[in-house]
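**Student:** Build me a structure from this.
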Amino acid sequence: MIDFKENKRISVAPMIDWTTSHYRTFARLFNPNIYLYTEMISTGAILKGDTAHHLRFFDNEPPLVLQLGGSSPAELAQCAKLGQDYGYTEINLNVGCPSDRVQFNKIGACLMAEAPLVADCVRAMQDVCDLPITVKHRIGIDHFDSYEFMSDFVGAVAEAGCEHFIVHARIALLNGLSPKENREIPPLRYDDVYRLKQEFPHLFIEINGGIKTLDDIKTHLTQVDGVMIGREFYHNPMLLGQCNELWGRQAPTHQEIFEKLLILLENFEKSGTPLTLVMRHYLGLFQGLAGSRKWRQALSGQKSLSLSQIEQAGRAVLAQNAD
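**Tutor:** A predicted model of the protein is given here:
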């Protein structure tokens, strides 16, 4: 049996339109130790839009990381300070998003080509904020795809004081591939991330990309300090529960999570939140069980949903899978 230390870390990756506060408060029901991330929020949205709308969160969400998109050290510093004031656990800078939309605004993976600027951004945030400042990046971009390129990038940003890097183990091809294709087509190079940890043993290195099972997680944790998973956690949230094993606890049952979900939904309903708005985040609850398809069909694409409809659909699945 591998001895998993307390500082080993599991995180839910930031995903635009998916890791909303309504999703995160659901994910927290499965595991008290995982780190949750906001969607990437641009500095412009925070500073020029509805700041409270973008930054507020539910009480049960921490440990919670605010992921920022931007490249202005001054603006990032302002947003990092706001994140600290709002009660976030950490601040993360996105240097991994391959979308052409964000490239236009000098956000995301294109910043890997500008390590000195990323270092300046990290310094500016650290100057005004006491929280850990972390960076999420790719192993390379376009023709800058060598291990040495990534190593130089990490070394330069580490000199600015960043001690925690989350590495998506694919390069990003910034011209010609969509964000979805950039998650699937460039090959995974886990060995490059392992090598990074060996080269920088004093840094906290977390791996991301293509990880789907608890066994996968355990394997990676023999080489690096943490594992970040996105879509698999979202579509199969019981994997979050299975990760409790890493801290010596049992996974919650579907029944236990469903009862907690009903309370959560009742609170949303009382606050005036339409259940149709939030149910899309919870459709994976019964993934892999008999009747899970009927659960999804009953609750997807409805013009309105009542708590009784949701309870009836969930209890039908639980009854079908009762011992």
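**Student:** and the host helix or strand of Lys218, how far from the chain's centre?
**Tutor:** Element membership of Lys218 [criterion: DSSP states H and E] is helix 214-220. Computed by Cα atoms, centre = their mean, to the nearest Å, the separation of helix 214-220 from the middle of its chain amounts to 17 Å.
**Student:** Report the buried residues of it.
**Tutor:** Within helix 214-220, the residues that qualify as buried are Asp216, Ile217, Lys218, His220, counting by 16 or more other Cβ atoms under 10 Å. From N, CA and C alone the C-beta is placed, and that goes for glycine too.
**Student:** For it, which helices and strands make contact with it?
**Tutor:** Helix 214-220 is packed against strand 226-229, with contacts defined by 3 or more Cβ pairs under 8 Å, 6 or more residues apart in numbering; DSSP states H and E.
**Student:** outside of the strand it packs on, which residues touch it?
**Tutor:** With contact meaning Cβ atoms under 8 Å, 6 or more residues apart in numbering, strand 226-229 is reached by 8-13, 136, 166, 204-208, 211-212, 216-217, 220-221, 239.
**Student:** Buried ones only from those residues, please, as a ChimeraX command.
**Tutor:** Per 16+ other Cβ under 10 Å, the buried members of the contacts of strand 226-229 correspond to this ChimeraX selection:
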select :8,9,10,11,12,13,136,166,204,205,206,207,208,211,216,217,220,221,239
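**Student:** so Glu269 is in which element?
**Tutor:** Using DSSP H and E, Glu269 falls within helix 254-270.
**Student:** I'd like to know which elements the very next helix or strand once past that helix is packed against.
**Tutor:** Of the helices and strands lying after helix 254-270 in sequence (DSSP H and E), the nearest is helix 275-278. If you count contacts as 3+ Cβ pairs under 8 Å, 6+ apart, helix 275-278 packs onto helix 254-270.
**Student:** by contact count, what packs against the helix it packs on?
**Tutor:** Secondary-structure packing of helix 254-270 (3+ Cβ pairs under 8 Å, 6+ apart): helix 21-27, helix 238-242, helix 275-278, helix 307-320.
**Student:** how about that helix: buried residues?
**Tutor:** Those would be His254, Ile257, Phe258, Glu259, Leu261, Leu264, Leu265, Phe268, Glu269, for helix 254-270 by 16+ other Cβ under 10 Å.
**Student:** ditto for stretch 55-72
**Tutor:** By 16+ other Cβ under 10 Å, the buried positions in stretch 55-72 come out as 55, 57, 61-72.
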